[in-house]
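Asker: Prediction below, plus the sequence it came from.
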Amino acid sequence: MADEKSNAATYWKANVRLITGCLIVWALVSYGFAILLRPLLSGIPIGGTDLGFWFAQQGSILTFIGLIFFYAWRMNRLDKQFGLGE
């Protein structure tokens with residue numbers, strides 16, 4: 001019984017760590033690059049516009065979609081590691 005609780009606590013801790021990491025990446029790209037660091041990125045051209053504008057319009061969306069796939073892949077590995085796979 002105690003081993004099950006320890007296993008569940010370890011699984012939950014790994015899940016929260018993964019969510020926290022994904023949220024940090026999302027916030028860095030969405031708010032950091034697109035809003036706060038936009039003046040610093042304005043001199044770097046990409047796709048006919050500056051990098052800060054690109055992050056605000058497309059980069060943050062593409063990063064978010066990438067994070068969704070990364071989270072699903074990593075959670076499947078985590079589930080298998082703890083014996084909770086489908």
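Answerer: Cool, the structure landed.
Asker: Run the chain-centre distance for the longest helix anywhere in the chain.
Answerer: Taking DSSP state H as the criterion, the chain has its longest helix at helix 2-27. Taking the mean of its C-alpha atoms, helix 2-27 sits 14 Å from the chain's own mean (C-alpha atoms, centre = their mean, to the nearest Å).
Asker: In it, which residues are buried?
Answerer: 11, 15, 22, 25 (16 or more other C-beta atoms under 10 Å). C-betas here are computed from N, CA, C, even on glycine.
Asker: Just want the most central residue of the chain.
Answerer: Cys22 (2.5 Å; C-alpha atoms, centre = their mean).
Asker: In contact with that residue, which residues?
Answerer: 67, 70-71 (C-beta atoms under 8 Å, 6 or more residues apart in numbering).
Asker: could you check the distance from it over to Ser30?
Answerer: Distance, Cys22 to Ser30, using C-beta to C-beta, to the nearest Å: 12 Å.
Asker: on that earlier part again, any idea which of the buried residues of helix 2-27 is closest to Asn76?
Answerer: Ranked by distance to Asn76 (C-beta to C-beta), the buried residues of helix 2-27 are led by Asn15 at 12.3 Å.
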